[in-house]
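In: Any chance you could fold what I've pasted below:
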Amino acid sequence: MRKKILLTVVAALLAVVSLRSCSRGPEIVFSIDSETTVGTQPFTVRFSSAGEGLKNITVSYVGEYSTILLETKQYPEGVKDDTVDISLKPFAGIEDGPAEIRATAEVYGGGLGSGGETTKTRKIVADLSPPKITVISATENRILHAGSGVIIYKVSPDAVESGVRIGDRFFKGHKAAPGAGFSDKDVRISFFSYPHEVNEGETVLVTAVDPIGNQRKLPVSYSLERNPVEDTRIEITDKFIKMKMLPLISASEGMSLKEIFLVVNNRIRLVNGKKVERVLSRTAEKIMWEGAFLRPVGELQAGFQKRDYVFNGESLDTQFHLGYDLASQRRNPVRASNNGVVVFADDLGIYGNTIIIDHGMGVATLYAHLSSMSAHRGDTVAKNDIIGTTGATGLAFGDHLHFGMYIGGVPVSPKQWWDPFWVKTRITENIDDARRATGAGQEN
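Out: Numbering: from 1, shown residues only. This next block holds a predicted model:
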C-alpha cells in the first residue's frame with residue numbers, strides 16, 4: 001500500500017514538472033547590451049523554447065514618435081530555437097536618438113500546458129548617420145588599367161577608417177597632416193590602382209566608416225584607359241624544372257616534373273604574392289619619395305604580360321607577370337628607385353633574393369632575383385643608393401632584375417612613376433592644389 005502511494009506521489013511530481021516545462025514561456029537573448037549605441041551593423045536576437053516549440057516571434061523598433069516592425073516569423077510545431085539578424089535602416093523611418101528594441105515570442109501549448117508569451121526590451125541609442133566625405137582633389141578622371149592615381153578628400157571627425165575601394169581591393173586613406181604637409185587633421189590621401197585583375201566597369205568608391213560600422217560610399221566618375229597586355233608563350237624544359245623549381249619544394253618525392261611545375265608556378269607563386277601583400281600591409285604614414293622614380297638600368301625584356309607556360313607541348317598554366325624584367329651586364333648594381341625604408345630583404349621563393357622598399361602611404365618598390373643584397377631590413381635608403389646586384393635567383397631564366405611597383409600591396413605598372421611629367425601633373429600638383437583648397441570640393 002505504501003509502495004503504491006509512493007509511486008502515485010512520484011507520478012504527480014513528474015506531471016507537475018512536465019506541466020511547468022510545457023507552459024514555461026520562451027527565452028529571448030539579445031546580442032546588444034542595454035543602452036548601446038546601435039548603427040546600421042546587424043545585431044542578433046535569439047529565441048528558444050523548452051516546450052513544444054516556438055509559434056511566432058516579432059522584433060520592433062520603438063522610438064519616441066513611432067514603432068516600426070523589423071522582423072516577424074511564424075513557425076511549424078517543433079521548432080525549438082531560432083536566431084534572427086536585425087539591421088536598422090535609415091530609410092525605414094528610424095531616427096537617431098534614444099529608443100528600444102522590443103522582442104516578443106509565443107510558444108505552442110501542449111497537453112495540460114497552455115503555452116506562453118514573453119516580451120523583452122533593450123534600451124539603445126540609434127545612430128544611423130554615416131561619416132561625411134568631401135572630395136578636395138583627384139587624379140584626372142582617366143584611369144589606366146593597372147595604373148595608379150590619387151584622391152585627396154576630407155572626412156568628418158567620426159570616421160575611423162577611410163579609403164578608395166575598387167572591386168574587392170581597398171586602398172587606405174592616409175592622414176595628410178603631417179605626412180604631406182597639410183594643416184587640417186581630417187584630410188586624407190589615398191593612392192590607388194585600378195587592379196589588372198578587376199574587369200572594366202567596376203565602381204570606384206571613396207568610403208568612410210565610423211566606430212559602430214556606419215559607412216558612407218561616394219562614387220567617383222572616371223573613364224578607364226586600356227593597358228594593352230602582351231600574351232607570351234613560355235617554353236619550360238626538364239632542366240629548368242629540375243634546377244629552378246625542384247629546390248623550392250621541400251617534399252617532392254614521388255612527384256612528376258609536371259606536378260612539380262604546377263605546385264611551384266601556381267601554389268608557391270600565390271603564397272609568395274600573399275607574403276608581399278602582408279609585408280606591405282604596414283606603411284609609413286608620410287610621403288618619403290621625391291619626384292619621378294628611377295628606371296632601373298637595362299634593356300626591357302618583359303613587362304606586364306600574360307604568360308602561357310608550355311611543357312612538352314602541353315599548355316599547363318597561365319599567370320600574370322607582375323612587373324618589368326630588365327637586363328644589362330651580369331651582377332649589375334641595383335639602385336633604390338626613390339627614397340624610402342627597406343621593409344624586406346630576404347629569399348622570397350620564386351622571386352629569389354628580394355628587397356622591398358616602402359616609400360610611404362602605400363607606395364612601394366620590389367627588386368627580385370638579386371645575386372647579392374647590400375641593404376637590410378630597417379635601412380633608410382635614398383634615391384640612387386646601391387642596394388644589391390642583379391642575379392638569377394628564384395625562377396629567373398638568366399641574370400636580370402625583376403622590378404615591381406606596388407600601391408597598397410597591389411602590383412601596378414611602373415611606367416607612370418618613371419615619367420616625371422606624369423608624377424608632376426597627376427600626383428604632385430594634385431597634392432599641392434589640395435593644400436591650397438582644403439575644405440572645398442564635392443560633398444555627400
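In: how about the strands of the stretch 1-150 of the chain, start to end?
Out: With DSSP state E, counting those that start in this stretch as the criterion, the stretch 1-150 of the chain has strands at 27-30, 36-38, 43-48, 54-62, 67-74, 81-86, 97-107, 116-126, 133-138, 142-144, 148-155.
In: My error: substitute the stretch 151-300 of the chain in the last question.
Out: Across the stretch 151-300 of the chain, reading from the start of the chain, the strands by DSSP E, counting those that start in this stretch fall at 161-166, 169-172, 174-175, 187-193, 204-209, 215-219, 223-225, 230-236, 299-302.
In: Dump those strands to CSV, plus mean neighbour count and mean pLDDT.
Out: For glycine as for every other residue, the C-beta is placed from the backbone atoms N, C-alpha and C. As requested, the strands of the stretch 151-300 of the chain are exported to CSV (neighbours: other CB atoms under 10 Å; pLDDT from 0 to 100):
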stretch, mean neighbour count, mean pLDDT
strand 161-166, 22, 96
strand 169-172, 20, 96
strand 174-175, 20, 95
strand 187-193, 26, 96
strand 204-209, 22, 96
strand 215-219, 16, 94
strand 223-225, 12, 86
strand 230-236, 13, 83
strand 299-302, 13, 84
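In: Any chance of JSON lines for those strands, columns distance to Met405?
Out: JSON lines is the format used below for the strands of the stretch 151-300 of the chain (distance: least, CB to CB, whole Å):
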{"stretch": "strand 161-166", "distance to Met405": "17"}
{"stretch": "strand 169-172", "distance to Met405": "14"}
{"stretch": "strand 174-175", "distance to Met405": "18"}
{"stretch": "strand 187-193", "distance to Met405": "9"}
{"stretch": "strand 204-209", "distance to Met405": "20"}
{"stretch": "strand 215-219", "distance to Met405": "27"}
{"stretch": "strand 223-225", "distance to Met405": "17"}
{"stretch": "strand 230-236", "distance to Met405": "18"}
{"stretch": "strand 299-302", "distance to Met405": "14"}
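In: These: which one's closest to Gly323?
Out: With distances scored as CB to CB, the stretch of these nearest to Gly323 is strand 299-302 (8.5 Å).
In: Who does the closest one pair with, and is each partner parallel or antiparallel?
Out: In the sheet containing strand 299-302, its partner strands are strand 324-327 (antiparallel), by DSSP bridges.
In: residues in contact with the strand it pairs with?
Out: The set of residues external to strand 324-327 that reach it, using CB atoms under 8 Å, 6 or more residues apart in numbering, is 296-304, 390, 398-404, 414.
In: Can you flag the buried ones in these?
Out: The neighbour count (16 or more other CB atoms under 10 Å) marks 296, 298, 302-304, 390, 399-404, 414 as buried among the contacts of strand 324-327.
In: out of those, what pair is the most spread apart?
Out: The most widely separated members of these, counting by CB to CB, are Phe304 and Asp399 (21.4 Å).
In: In contact with Ile356, which residues?
Out: Val276, Val279, Leu280, Val342, Val343, Phe344, Ala345, Ala364, Thr365, Leu366, Tyr367.
In: Report pLDDT for Glu140.
Out: As predicted, Glu140 sits at a pLDDT of 63.
In: before we move on, what about the one 10 residues further on?
Out: Reported pLDDT at Val150 in the predicted model: 94.
In: again with the one 3 residues further on
Out: Each residue has a pLDDT score; the one for Tyr153 is 95.
In: Number of residues surrounding it?
Out: In terms of burial, Tyr153 registers 28 neighbours under the definition other CB atoms under 10 Å.
In: Give me the distance between it and His400.
Out: Counting by CB to CB, to the nearest Å, the separation of Tyr153 from His400 is 40 Å.
In: give me the low-pLDDT residue ranges for the stretch 1-150 of the chain?
Out: Across the stretch 1-150 of the chain, residues meeting the criterion (pLDDT under 70) sit at 1-24, 110-115, 138-140.
In: can you give me how far stretch 120-138 is from the chain middle?
Out: Remark: stretch 120-138 is offset 21 Å from the chain centroid, using CA atoms, centre = their mean, to the nearest Å.
In: Give the buried residues for that stretch.
Out: Residues of stretch 120-138 classed as buried under the neighbour-count rule (16+ other CB under 10 Å) are 120, 122, 124, 126-128, 130-138.
In: Stretch 305-316 now?
Out: Neighbour-count burial for stretch 305-316, with 16+ other CB under 10 Å as criterion, is recorded at Gln305, Arg307, Tyr309, Phe311.
In: So for it, first residue to last residue, what's the gap.
Out: Distance across stretch 305-316, first residue to last, is 17 Å (CA to CA, to the nearest Å).
In: got a list of contacts for it?
Out: Contacts made with stretch 305-316 from outside it, assessed by CB under 8 Å, 6+ apart, are listed as 229-236, 241, 257-258, 261-262, 265, 317-321.
In: before we move on, back to that, deepest-packed of the strands of the stretch 1-150 of the chain, please.
Out: Neighbour counts (mean count of other CB atoms under 10 Å) averaged over each of the strands of the stretch 1-150 of the chain peak at strand 148-155, with a mean of 25.
In: In CSV, please show the C-alpha coordinates belonging to it.
Out: Backbone C-alpha positions of strand 148-155 (Å, rounded to 0.1, in the frame of the first residue of the first chain) are rendered in CSV as follows:
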residue,chain,number,x,y,z
SER,A,148,47.9,54.5,-60.4
GLY,A,149,46.1,57.5,-59.2
VAL,A,150,45.5,59.7,-56.1
ILE,A,151,42.4,61.1,-54.4
ILE,A,152,42.6,63.7,-51.6
TYR,A,153,39.5,64.1,-49.5
LYS,A,154,38.2,65.2,-46.1
VAL,A,155,36.3,63.1,-43.7
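In: next one: it to chain centre, how far?
Out: Using CA atoms, centre = their mean, we find the averaged C-alpha position of strand 148-155 to lie 18 Å away from the chain's own average C-alpha position.
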